[in-house]
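Enquirer: Show me how the following folds:
(2 chains)
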Amino acid sequence: MNVWEIIGFTLVKIVIILHVMLLTVSYLVYFERRISAWVQNRLGPNRVGWEGVLQPFADVLKLLLKEDIVPYQANKKIHTLAPIIALFVAFTTYAVIPIGPAIELFGYTIPLVVADVNMGILYVLALTSLGVYAITFAGWSSGSKYSLLGGIRSSAQMISYEISMGFSIGGVILLAESLRPLAIVDSQGQWFWNAWIQPIGFITFVVSAFAETNRLPFDLPEAEPELVGGFHTEYSSMKFAGFFLAEYANMIIASGLIVTLYLGGYYIPFINIGTFGLPNWAEVLIYVGAFSFKIVALLFFFIWVRWSLPRFRYDQLMNLGWKVMFPLSLVNIIWVAVLIMLFNL
Amino acid sequence: MAVKKRKKDLTFLEKIYIPEIVKGLSLTLKSMLKPKFTLKYPEEKFIPPASYRGRPVLVQEENGQERCVACGLCSRVCPSLAIEVLASETEAEKERYPVKFEINMIRCIFCGLCEEVCPEEAIVMSKDYEMAFTNREEAIYGKDKLLVPVSQLQDRIEFLRQYK
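Expert: Here you go, the predicted structure:
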């Protein structure tokens, strides 16, 4: 492959992933509303189209047609920049998450990941830390105390939980001996999932992922009873939609990361598809299907948890982050190191 | 911050959260599968019990006449002055009947005092809760809208006889 072919394939992959992400995000909002309704024995939106399947499009149209209000006290440039950063971080992180093994098309071997980078996990960590800026900027530039408090809380929360997140990933990297997402997936193989080998790391990572995506029970940056809307109190129209999209896109990325790092990526446990003698494209299709299934299951888990658990108090959140999650992730690293020493994994 | 003593200390299992979280999650999963309370309103309608106080209506006998004798008690007792009755004489046994009986549905507060005070069981609260108007004139219900055959009101009349 020459340079132009690589650029072409990458662009096509970017376009496909961007559209799939946007579609998933809009239906995630729909399912969030439906599942929340089911949990409360209601029906949820079921009027627009068959069982409300066109609801997301109606929502987006409504948001587009709303008036864009910028408060008088706001710093206009940063106020506009904040949702753009949020969206940028949410969509670029997905570049390194592999959705399937390499596929053979038109005589080329195309890896099903936008950028097969050697230090992919570092890239993800770096970009998710950038995400703090979006919320802090939004809170600071709005010129409103609710926004400011939400922004401060959120930056403190995200910085605290990033530590335990990073340390939990440490265990995975020790086992995979690589920062490359594809290598991490391959190191887990059919059923040797990191979630079984290092359950403590799995739990700390999932909890930190909840905190990083600002989902309940850790949605203090936008705690409605105290902070009105939190950091996005002063946002309306498409800028608000930007934050909204970014939150749900972050959920998809968090589930993608959990699947890649702990749940064996695109592999199906106990079934070795390579032995069936299927053509390459069918094999890849099954792998991508398995990956999507895992992601959807995790997204359901995200929504399910949101409608089951109450919000933490701020001091409880910090206690949990520093006194429980951080030591636990350290314990996990030691656990993995001992396993490697004992069994020469 | 002073450390308060709890009435009951949490056990170790409760302190590590996870079993409790699993309990909570299983509860919500169970309630996800339960039947739903929501009615799909315009298609499925709520049918109220006999004790429901909907739109007040006049009882129409089988012969097409209203029961009302135009005594004016309902108009008198109405706290929001929604009822207007104009009486006249008739050849029938009851001797008096309302020429005009109007209820202003914007004023009506559905208190049911008119029904309680009526000596003839002639005005009762129905199960009808669908009242929408586009202007104030439409909201004044005359005899044409108020008269409802007695057969449709049996539920309420029996309820009144039992509990009034």
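Enquirer: contacts, neighbours, all on C-alpha from now
Expert: Noted.
Enquirer: Which pLDDT value goes with residue B:137?
Expert: pLDDT recorded at residue B:137 is 88.
Enquirer: Can you list phi and psi of it for me?
Expert: Geometry field for residue B:137 lists phi and psi as phi -60, psi -40, criterion degrees, to the nearest 10.
Enquirer: Quick one: find the helix or strand in chain A with the lowest mean pLDDT.
Expert: helix A:224-227 (a mean of 73; mean pLDDT, DSSP states H and E).
Enquirer: Beyond it, next helix or strand please.
Expert: Downstream of helix A:224-227, the first helix or strand assigned by DSSP states H and E is helix A:237-262.
Enquirer: So which elements touch that following helix?
Expert: Here helix A:237-262 touches helix A:3-39, helix A:55-65, helix A:76-92, helix A:145-176, helix A:181-188, helix A:194-197, helix A:199-212, helix A:280-306, going by 3 or more C-alpha pairs under 8 Å, 6 or more residues apart in numbering or on different chains; DSSP states H and E.
Enquirer: TSV for those helices, including mean neighbour count and distance to chain B?
Expert: Below are the helices and strands packed on helix A:237-262 laid out as TSV (neighbours: other C-alpha atoms under 10 Å in any protein chain shown; distance: least, C-alpha to the nearest C-alpha, whole Å):
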stretch	mean neighbour count	distance to chain B
helix A:3-39	16	4
helix A:55-65	15	17
helix A:76-92	20	28
helix A:145-176	22	17
helix A:181-188	22	25
helix A:194-197	19	16
helix A:199-212	23	10
helix A:280-306	18	7
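Enquirer: would JSON lines of those helices with distance to residue B:140 and mean pLDDT be doable?
Expert: As requested, the helices and strands packed on helix A:237-262 are exported to JSON lines (distance: least, C-alpha to C-alpha, whole Å; pLDDT from 0 to 100):
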{"stretch": "helix A:3-39", "distance to residue B:140": "39", "mean pLDDT": "87"}
{"stretch": "helix A:55-65", "distance to residue B:140": "38", "mean pLDDT": "86"}
{"stretch": "helix A:76-92", "distance to residue B:140": "53", "mean pLDDT": "87"}
{"stretch": "helix A:145-176", "distance to residue B:140": "48", "mean pLDDT": "85"}
{"stretch": "helix A:181-188", "distance to residue B:140": "73", "mean pLDDT": "82"}
{"stretch": "helix A:194-197", "distance to residue B:140": "70", "mean pLDDT": "79"}
{"stretch": "helix A:199-212", "distance to residue B:140": "57", "mean pLDDT": "87"}
{"stretch": "helix A:280-306", "distance to residue B:140": "49", "mean pLDDT": "86"}
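Enquirer: Save these as TSV, and put in distance to residue B:84 too.
Expert: Formatted as TSV, the helices and strands packed on helix A:237-262 follow (distance: least, C-alpha to C-alpha, whole Å):
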stretch	distance to residue B:84
helix A:3-39	46
helix A:55-65	47
helix A:76-92	61
helix A:145-176	54
helix A:181-188	81
helix A:194-197	77
helix A:199-212	64
helix A:280-306	55
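Enquirer: Nearest to residue A:228, out of these?
Expert: Nearest of the helices and strands packed on helix A:237-262 to residue A:228, taken as C-alpha to C-alpha: helix A:145-176 at 6.7 Å.
Enquirer: that's a strand at residue B:98, yeah?
Expert: Yes. Applying DSSP: H, G, I helix; E, B strand; the rest coil, one finds residue B:98 inside a strand.
Enquirer: what about the helices and strands packed on helix A:237-262, which gets the closest to residue B:47?
Expert: Between these, helix A:3-39 lies closest to residue B:47; by C-alpha to C-alpha that is 23.3 Å.
Enquirer: At the contact with chain A, which residues of chain B appear?
Expert: Within chain B, the positions near chain A by C-alpha under 8 Å from any C-alpha of the partner chain are B:21, B:24-25, B:28-29, B:31-38.
Enquirer: Just the ones in helices from those residues, please.
Expert: B:21, B:24, B:25, B:28, B:29, B:31, B:32 (DSSP state H).
Enquirer: Name the member of the residues you listed with the most neighbours.
Expert: residue B:28 (22 neighbours; other C-alpha atoms under 10 Å in any protein chain shown).
Enquirer: Can you tell me the closest non-neighbouring residue to that residue?
Expert: Excluding its sequence neighbours, the residue lying closest to residue B:28 (C-alpha to C-alpha, 6 or more residues apart in numbering or on different chains) is residue A:39, at 5.7 Å.
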